[in-house]
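> what's the 3D shape of this:
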Amino acid sequence: MHRMTQSRFFTRSSSLRAIAVCAALFALPAAAQLPMADADYDASGYVTPAGMAHPSMYQGGVVPAGMAFSPGMQGNGPTAFPGGVMPVGFMSGGQFDGNCGSCDPGAGSCGGISRGGLLGSRNAGHGLLGGGTCLEAFCDYWSIDPRYLGSNLQGLGSNLGPHGEICGLRWYDLSAEAVFLGHTQGGGNMPITALGQGNPPSDVVLSLGDANDGDELAAGVRLSGALICGVGGNIEATYMGGNKWNANAQVTSAGNDLYSFISDFGDPIVLDDVDQSSSQSIATESALHSIELNYRRRTMGPRCRFQGSWLFGLRYLQFKNELNYSAFNSASRFFNSQDRVRNHMFGAQAGGDIWWNIYSGVRLGMGLKGAWVQNEIKRSFIVDANSIANTAINETRRGGDLMGEFELKFVWQFNHSWKFRSAYYVIAAEDIGFGSIDKNTILNLEAGGNVVNPAYVLDDLVVQGISFGTEYNW
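As a prediction, this is how the structure comes out:
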């Protein structure tokens, strides 16, 4: 049988009885040990590999892992097991799989195979082109012998070498990662300030793209917890965020000949607060927060080389963006604007992932999620200038948008409890509000007319980066 049994095998109500039975079995010789019954597979999250009947369908209960047996031992050979869960590593014909029956390219032999794996050597008559009796061609093809990856993984020592069973169901209780992310900037790269008058400007010295805060990777965290909920199922709660970006750019002129796009670069001058300046600057700030609550159901492929899962749940994502613009000549010639935009996205999502068990304790996974969300954009546009009294315009916009996430994940298991985890994340969302400098609203305020709400700058947002962290099992 493939190696599947989880360490958390019994419910709380039967834990004392389980401890007593295990103690008794430990004290008895292997040949005298009796099968254990009433194992609660549902509570353990146990998943049966595809093509195998669930253990509860067998007769006779659970046979202790590692129990001695052979075809010639009466009561312990495979002929003595019309049912029941066979020992971990059991192969038909009375052989342990030796990291072979479960597609593991570990040491040992199985039906004449000296080493499994995509690149490993094999004895004649076995392998992809031979008539192998232990591993099917598909299983052989996706097995990698770590010796041909540049080093022997098992030679790294007990502390760093991979640990685990190739058929162990992927699971974690808690995970924590340091996440380093960058993001795209909306609004394009429009010119803001020119040196000298003229429209179009002949010498642009400041553009919106000069303060692109998302170009730098900002540090944040990703925290996740999982709780078993039925066979192969769990409830997951995940937070990712805390990443904050900021950038600024400034230009100065001793001749006070900096002109702004608000007055068409001084052609003609319609708001002298932003023209004939000695300095002008722009600054951006952004922040990201994401919260998920999902139900995930895990599945196991044939021979355990591949595992997968599907999920559905709820997601909330908040993206804050702020743009500040200022021009200065003197205490009687100044201008400041600030546009603070908060995107609050909430909706239902669905997705899944697939894991390739490269080697016992070494896994590579890929995941996708898609969500339809209601995006509530809250905005506060503030203007303060010599010619314009301090004015704040607050408004809210709502609309339905799409959001998706891609994950490429790698896990290296050190022991039963600890794993190293690294991932590459991409989050994409449409129609995200970004901060802007609304020329029409500013000029209308300067002229003393009715307040005109600034136009929204909506653009696609792509957040991407890498993470490094750990997973923990109780």
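> Pairing partners for the longest strand anywhere in the chain, with directions?
Assignment by DSSP state E gives strand 333-359 as the longest strand of the chain. Strand 333-359 pairs in its sheet with strand 306-330 (antiparallel), strand 362-385 (antiparallel), by DSSP bridges.
> Point to the helix or strand of the chain where mean pLDDT is at its lowest.
strand 95-96 (a mean of 32; mean pLDDT, DSSP states H and E).
> list the buried ones in the longest strand of the chain?
333-345, 347, 349, 351-353, 355, 357-359 (16 or more other C-beta atoms under 10 Å). C-beta: built from backbone N, CA, C; applies to glycine.
> before we move on, what about stretch 255-272?
Those would be 257-266, 271-272, for stretch 255-272 by 16+ other C-beta under 10 Å.
> what's the closest of those to residue 161?
residue 261 (61.3 Å; C-beta to C-beta).
> hang on, isn't that closest one packed against residue 190?
Yes: taking contacts as C-beta atoms under 8 Å, residue 261 lies within contact range of residue 190: 7.1 Å.
> Where does pLDDT dip in the stretch 151-300 of the chain?
The stretch 151-300 of the chain contains residues with pLDDT under 70 at 151-160.
> for it, what spans make up the strands?
Applying DSSP state E, counting those that start in this stretch to the stretch 151-300 of the chain gives strands spanning 174-183, 191-195, 204-207, 218-228, 233-252, 258-260, 279-300.
> what lines up beside the fifth one in the sheet?
Take DSSP bridges as the rule and strand 233-252 pairs in its sheet with strand 218-228 (antiparallel), strand 279-300 (antiparallel).
> thinking again about what came up before, quick one: mean pLDDT for the longest strand of the chain?
For strand 333-359, mean pLDDT rounds to 96.
> returning to what we had before: and of the strands paired with strand 333-359, who's closest to residue 231?
Each of the strands paired with strand 333-359 has some distance to residue 231 by C-beta to C-beta; the shortest is strand 306-330, at 12.8 Å.
> The nearest residue to residue 313 once chain neighbours are set aside and residue 472, how far apart?
Leaving aside its sequence neighbours, residue 313 sits nearest to residue 294 (C-beta to C-beta, 6 or more residues apart in numbering; 3.2 Å). Going from residue 294 to residue 472 by C-beta to C-beta, to the nearest Å gives 19 Å.
> Neighbour count: those two, which is higher?
residue 294 (21 against 13; other C-beta atoms under 10 Å).
> Touching, that one and residue 229? I think so.
No: in this structure residue 294 lies outside contact range of residue 229 using C-beta under 8 Å: 10.9 Å.
> show me what contacts the residue nearest to residue 193 when sequence neighbours are not counted?
Leaving aside its sequence neighbours, residue 193 sits nearest to residue 206 (C-beta to C-beta, 6+ apart; 3.7 Å). Shown in contact with residue 206 (C-beta atoms under 8 Å, 6 or more residues apart in numbering): 191-193, 249-251, 280-282.
> Please apply the same query to residue 205.
Applying C-beta under 8 Å, 6+ apart, we find residue 205 in contact with 193-195, 251, 258.
> likewise residue 204?
Listed by C-beta under 8 Å, 6+ apart, the contact set of residue 204 reads 191-194.
> Which member of these is positioned nearest residue 176?
The shortest approach to residue 176 among these belongs to residue 192, at 41.2 Å (C-beta to C-beta).
> Apart from its neighbours in sequence, what residue is nearest that closest one?
Distances taken as C-beta to C-beta, 6+ apart place residue 206 nearest to residue 192, at 4.7 Å, with adjacent residues excluded.
> same deal with residue 241?
Nearest residue to residue 241, sequence neighbours excluded (C-beta to C-beta, 6+ apart): residue 289, at 3.7 Å.
> What about the one you found, how many residues nearby?
Per other C-beta under 10 Å, the neighbour tally for residue 289 reads 16.
> where in the stretch 301-450 of the chain is pLDDT low?
In the stretch 301-450 of the chain (pLDDT under 70), no residue qualifies.
> my bad, should have said the stretch 1-150 of the chain
Low-confidence regions of the stretch 1-150 of the chain, defined by pLDDT under 70, span residues 1-46, 48, 50-150.
> just to revisit the earlier point, among the contacts of residue 204, which one sits closest to residue 168?
Taking C-beta to C-beta as the measure, residue 168 sits nearest to residue 192 out of these, at 57.1 Å.
> The closest one is in contact with residue 208, isn't it?
Yes: applying C-beta under 8 Å, one finds residue 192 in contact with residue 208, separated by 6.0 Å.
> Give me the more crowded residue out of those two.
residue 192 (28 against 23).
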